[in-house]
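Peer 1: please find the sequence and the predicted model below.
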Amino acid sequence: METISARLLNWASVLDEKTLDQAQTTATLPFIFPHLALMPDAHLGKGATVGSVIPTLGAIIPAAVGVDIGCGMIAVRTQFTRAELEGADLRGLRQQIERAVPLSAGARNRKVVKTAQPRVAELETLASDTGVNPDTFAPQWRLQLGSLGSGNHFIEVSVDELDRVWMFLHSGSRGVGNRIATHHIAVAQRLAKQWWIELPDPDLAYLVEGTDEFGAYIRDLRWAQHFALLNREEMMDRVARQLSETMGRVVVEAERINCHHNFTEHERHFGKQVWVSRKGAIQADVGRPGLIPGSMGTASYVVEGLGNPLSLNSSPHGAGREYSRTAARRTFTHEQLRAAMVGIEYRDTDAFIDEIPQAYKSIDQVMADASDLVRVRHTLRQLVNVKGD
């Protein structure tokens, strides 16, 4: 860990100048307490740095939570072994998953399927009880429950160091979460202009605790976080059904972990109640299970938090980009992607060039930097990868 200033601590050994400048700018805001913690996977983001932990007193920066509210990971350990899985039709399994889970930006189900019905009902009840109206943001949100999205979101079937099979996926709150976040970022920016608040970046506009606007954001945020969690649960159940069909036996779950990495919680740190916004970071209290994925073709990790107080009990959420999507497409080739994915069943298309492992930081270095934040319980290696364009 490196102390950059009294208000900025850094765990990233690989950190470009623009990302550092962005984090330093955020750390100057007067309501940051006690300091901003920069995770090992830190990279440039919208307003606030991706891979940062931002504790605030009496205010929240909506863009510091991110536009994919509640984005995160879920993993399930099964009873199957590598030997059993390698004898199966992995291409067929990938295709079955691709049919069962709508992929790509804007994708949705044709109808609310049976397994999704109780989850939709739960979200409708939560909305009614808290005064949230998600229909005003995205009327089709019910049909997006159980859909993956695109970018770095994925579904994988992997094996750990003991050759046990895991199902692993990454997704968030889809269109409804994005529109909720975009709406509240705009509200914060409007208020900043209305009250002549000078900001170093318009995307650092904030909402003040105790105001109606703050209350509305917290209500919508918590609903969107729960949507994201249930969205992952629904997809995981669908993946389990496809794996069961492939293996000829029902999946028996030995362990299930579901964690956010774009979210806000009210927590106590350094003697005060603060709003902790983790933008690309997971909660890592002592003993708390967590998930840190690598990139396409690299390892992912099941971890346990060490409760490091300087990090606000947090850890990285993944590898973190070194190349923007545009730069990755200019730099890398389809053949390089194929070489990186040797031995993994995936949809071979140049649509995924910007997701090539070389576009990301080394996950091994990220995990080395995080050695005082988490303990590695399991290392996962992909056998099947599913992504949306």
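Peer 2: Okay, I see it.

Peer 1: could you measure residue 258 against residue 302, distance?
Peer 2: 12 Å (CB to CB, to the nearest Å). C-beta coordinates here come from the backbone N, C-alpha and C atoms, glycine included.

Peer 1: low-scoring stretches of the stretch 151-300 of the chain, by residue?
Peer 2: Within the stretch 151-300 of the chain, the set of residues satisfying pLDDT under 70 is empty.

Peer 1: just so I have it, where are all the helices in the stretch 201-350 of the chain?
Peer 2: 212-247, 325-331, 334-340 (DSSP state H, counting those that start in this stretch).

Peer 1: let me have those in JSON lines, extended by mean neighbour count and distance to residue 8.
Peer 2: Output for the helices of the stretch 201-350 of the chain, formatted as JSON lines (neighbours: other CB atoms under 10 Å; distance: least, CB to CB, whole Å):
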{"stretch": "helix 212-247", "mean neighbour count": "21", "distance to residue 8": "25"}
{"stretch": "helix 325-331", "mean neighbour count": "14", "distance to residue 8": "26"}
{"stretch": "helix 334-340", "mean neighbour count": "15", "distance to residue 8": "34"}
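
Peer 1: thinking again about what came up before, neighbour count: residue 258 and residue 302, which is higher?
Peer 2: Neighbours per residue, other CB atoms under 10 Å: of residue 258 and residue 302, the larger number sits with residue 302, 22 against 18.

Peer 1: the lengthiest strand in the chain to helix 212-247, inter-axis angle?
Peer 2: Assignment by DSSP state E gives strand 374-386 as the longest strand of the chain. Angle, strand 374-386 to helix 212-247, by axes from the mean of the first three to the mean of the last three CA atoms, to 10 degrees: 60 degrees.

Peer 1: what comes up buried for strand 374-386?
Peer 2: 374, 378, 380-386 (16 or more other CB atoms under 10 Å).

Peer 1: can you tell me the average pLDDT over that strand?
Peer 2: Averaging pLDDT along strand 374-386 gives 97.

Peer 1: tell me the SS of residue 92?
Peer 2: Secondary structure, DSSP: H, G, I helix; E, B strand; the rest coil: residue 92 is helix.

Peer 1: and which of the buried residues of strand 374-386 is nearest to residue 334?
Peer 2: For these, the residue nearest residue 334 by CB to CB is residue 385; the value is 15.6 Å.

Peer 1: enumerate every residue touching the spatially closest residue to that closest one that is not a sequence neighbour.
Peer 2: Once flanking residues are discounted, residue 385 sits nearest to residue 346: 4.1 Å by CB to CB, 6 or more residues apart in numbering. Residue 346 is in contact with 94, 296, 352, 384-387, counting by CB atoms under 8 Å, 6 or more residues apart in numbering.

Peer 1: then residue 153?
Peer 2: Applying CB under 8 Å, 6+ apart, the residues contacting residue 153 are 169-172, 387-388.
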